[in-house]
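S.K.: sequence first, then the predicted structure, then my questions.
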Amino acid sequence: VYLCDTLELPYRNDQNDISAINPGSFSGRVRTDGARGWRIELDYPAKRLYIQIHSGNVPWEVRGCVLVGDAGETCQIRGGSSRQAMSHIQSLYGSSTERPIEVRVVEDVP
């Protein structure tokens, strides 16, 4: 099921904070601490830590994570759509923070 577009940095050998993640299926968990609020943190098999799916609008907010929203044809998420997309994902997930999560990352298909 398609949920939203994403924005990531370019792939740079899977280096922490500066690289997109590899395509694949990953388990994850909900985090609610800190200023970012509700978000998903992936259990990524490489040595990288704290890869999260969260809201944000411009490339400098990525820092090795995945931003969600409606990207259209620009390199940034359209105004307001990122928080709406994150709220939509949260509503589909439900109120529990203990349910298992599986995220499937696919390559961009033109």
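M.R.: Nice, thanks for sending it over.

S.K.: what ranges do the strands span in this structure?
M.R.: For the chain, applying DSSP state E gives strands covering 5-7, 24-31, 39-42, 52-54, 66-69, 101-105.

S.K.: name the stretch among those strands that sits most buried.
M.R.: strand 66-69 (a mean of 24; mean count of other C-beta atoms under 10 Å). Every residue, glycine included, has its C-beta placed from N, CA and C.

S.K.: parallel or antiparallel, which strands does that one pair with?
M.R.: Paired with strand 66-69 in the same sheet, following DSSP bridges, are strand 5-7 (antiparallel), strand 52-54 (parallel).

S.K.: okay, and for this structure, where does confidence drop off?
M.R.: The chain contains residues with pLDDT under 70 at 1, 71-80, 108-110.

S.K.: how about 80 then?
M.R.: Where the chain drops to pLDDT under 80, the residues are 1-5, 46, 57-62, 70-80, 95-97, 106-110.
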